[in-house]
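# I would like the atomic coordinates for the input below:
(one chain, ligands or ions: 1)
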Amino acid sequence: MTGMKTERSERISNLKMRDKSVSRRPGSAMLFQRACEVLVGGVNSPVRAFRAVGGDPVFIERAEGPYIFDVDGSKYVDLVGSWGPAIVGHAHPDVVREVQRAAEMGLSFGACCSAEAELAGVIVGAVKSAEMVRFVNSGTEATMSAIRLARAATDRVKIIKFSGCYHGHVDALLVAAGSGAATFGEPDSAGVPPPVVETTLQAAYNDLEAVERIMTEHGDGVAAIVVEPIAGNMGFVLPAEGFLEGLRSLCDRHGSLLIFDEVMTGFRVAWGGYQNICQITPDLTCLGKVIGGGMPVAAFCGAKALMEQLSPLGPTYQAGTLSGNPIGMAAGLATLRICQQEGFYDSLYAKAFRIAESLASAAADAGITIQTGAMGGMLGLAFLDRPVRNFADAQAVDHELFAKFFRAMLDRGVWLPPSGYEAMFVCAAHDDEAVAHIIDAAAESFRSIAS
Ligand SMILES: *Cc1c(COP(=O)(O)O)cnc(C)c1O
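Next up is the predicted model:
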């Protein structure tokens, strides 16, 4: 892609692509136009606007099993799964039945209901670090509250996060992805006052030495290190050997708390979460996505003594009008009941690996170098010539090429996350037919973007 001419023809082909997609999806185009009049950018979460991949967003009418259907009648094999929650497939009859049953009893009470302790009990039984649970409504709330609790419990203010890790849109965690060098944070968004992020220190993911340096300098002021134990918001980045262990021992040495943000990985890569695989016990764990089965449910949990510092037992305030509401609890319980079935995660593993391997060989056949990886129901794909270990690598990915691949796959009936910084999600409902469709479409798409 050098020179004006190539750039121009690139732009023209983009335009053509856009025109084609508009005429192919007139319903979506019309709805998007209307949405843009009354919703900011036409969306309620920025990534849905397709800015990173071009073209207008596609409007979805319904979803079932491994498929989603748009308003123009097209069917797609879904590798997003509502960004993770749909681990048992969309509209699973057991989940729908439980939600309907709960809905008939009232949508929300603003008072205690039995399903709260029931779902909390499942989480306590499954997640190594969990003795007590507090439910909230989004992953953002979970990390925000976990950090508040960590600061209260340690009577310290600083936190360490890793560039490229996403923990929701909590002010203190919206810190610009920096270089490998640890720096004081700068806000990543307008409206976040610099003082709010001045206490957020950052390091590159997988760079244990950087964390050691920060801890040597600031350790006695660090309330918590917060980390995605598998980073899923800059693609799919596994922790290097010894990285999480190192964080655990640094926290122990300096009296800081270790927070695993398992909003994505919890019940996604294994029953419980990644902590059950890596055998490292964090002090606090954030959950979301899968535990709500598609309803707005998230949670944070930890040891009893720590969690009891929350109101009403302790001085750390935390609350929610709709927290633990019966519909969300019912959806979560029904979903986790299915996840708990014998062989559930083994089958996800097998499928995700098969897809990852097929993507790699299809790309190689087309002369394109990619990195793939999988763990449980999580799947990574990066257009890069080396493994992605941190945010700098994630930024070096050929995002232009990913955008082309995204559009090629969309036109062939496969729904990928509309950004090269995201992981893909495999669900129990992806049967042989759906997997074969993904693999065939990918082979064609790699060929088409290579030429
Ligand atoms: C999705 C996600 C969040 C934010 O959850 P929301 O429900 O979107 O607020 C936080 N942390 C991680 C690791 C996530 O993947």
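# how about low-confidence regions in the chain?
1-23, 176-186 (pLDDT under 70).
# so which bits of it are right by the ligand?
Taking C-beta under 6 Å from any ligand atom, the part of the chain that reaches the ligand is made up of 138-140, 143, 166-168, 228, 232-233, 261, 263-264, 288, 298. (C-beta placed from N, C-alpha, C; glycine too.)
# please flag which of those sit within strands.
Among the residues of the chain next to the ligand, the ones falling in strands (DSSP state E) are 261, 298.
# from the residues of the chain next to the ligand, which land in helices?
Counting by DSSP state H, the part of the residues of the chain next to the ligand found in helices is 139-140, 143.
# can you tell me which of the residues you listed has the most neighbours?
When neighbours are counted by other C-beta atoms under 10 Å, Gly139 leads those with 30 neighbours.
# so it makes contact with Gly288?
Yes: Gly139 lies in contact with Gly288 (C-beta atoms under 8 Å); the separation is 3.6 Å.
# so what sits against both of those two?
263, 298 (C-beta atoms under 8 Å, 6 or more residues apart in numbering).
# which residues are in contact with Ala49?
With C-beta under 8 Å, 6+ apart, Ala49 has these contacts: 41-43, 57.
# which among those gets closest to the ligand?
Relative to the ligand, the closest of the contacts of Ala49 is Val43; by C-beta to the nearest ligand atom it sits at 13.6 Å.
# I'd assumed Phe50 was in contact with that closest one.
No: using C-beta under 8 Å, Val43 makes no contact with Phe50, being 9.1 Å away.
# joint contacts of those two?
Contact with both Val43 and Phe50 is made by residues Pro57, according to C-beta under 8 Å, 6+ apart.
# what sits against the residue nearest the centre of the chain?
Nearest to the geometric centre of the chain sits Met264, at 4.4 Å (C-alpha atoms, centre = their mean). Residues near Met264 by C-beta under 8 Å, 6+ apart: 84, 228, 230, 232-233, 288-289, 378, 423.
# Lys304 too?
Lys304 sits next to 131-132 when contact means C-beta under 8 Å, 6+ apart.
# residue of the stretch 101-250 of the chain closest to the ligand, please.
Closest point on the stretch 101-250 of the chain to the ligand, by C-beta to the nearest ligand atom, is Gly139, at 2.1 Å.
# now the strand or helix carrying Ala146, how far from the chain's geometric center?
Per DSSP states H and E, Ala146 falls inside helix 139-154. Distance of helix 139-154 from the chain centroid (C-alpha atoms, centre = their mean, to the nearest Å) equals 19 Å.
# which residues sit against that helix?
Outside helix 139-154, the residues that touch it by C-beta under 8 Å, 6+ apart are 134, 136, 157, 159, 167-170, 172-173, 223-224, 226, 255-257, 259, 261, 263, 283-284, 286-289, 298-300, 302, 306-307, 309-310, 314-316, 318, 320.
# among those residues, which ones are buried?
Among the contacts of helix 139-154, those buried by neighbour count (16 or more other C-beta atoms under 10 Å) are 134, 136, 159, 167-170, 172-173, 223-224, 226, 256-257, 259, 261, 263, 283-284, 286-289, 298-300, 302, 306-307, 310, 314, 316, 318.
# then stretch 420-439 to CSV, C-alphas only?
Output of stretch 420-439 as CSV, limited to C-alpha atoms (Å, rounded to 0.1, in the frame of the first residue of the first chain):
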residue,chain,number,x,y,z
GLY,A,420,-8.9,-6.6,15.6
TYR,A,421,-8.4,-6.0,19.3
GLU,A,422,-11.0,-8.6,20.4
ALA,A,423,-11.1,-12.3,21.1
MET,A,424,-13.7,-14.6,19.5
PHE,A,425,-16.0,-16.8,21.4
VAL,A,426,-16.9,-20.4,20.7
CYS,A,427,-20.1,-21.8,22.2
ALA,A,428,-21.6,-25.2,22.9
ALA,A,429,-24.1,-24.8,20.1
HIS,A,430,-21.4,-24.5,17.4
ASP,A,431,-22.0,-27.9,15.8
ASP,A,432,-20.0,-29.5,13.0
GLU,A,433,-22.1,-27.6,10.4
ALA,A,434,-21.4,-24.2,11.9
VAL,A,435,-17.7,-25.0,12.4
ALA,A,436,-17.4,-26.2,8.8
HIS,A,437,-19.0,-23.0,7.6
ILE,A,438,-16.5,-20.9,9.6
ILE,A,439,-13.6,-22.9,8.2
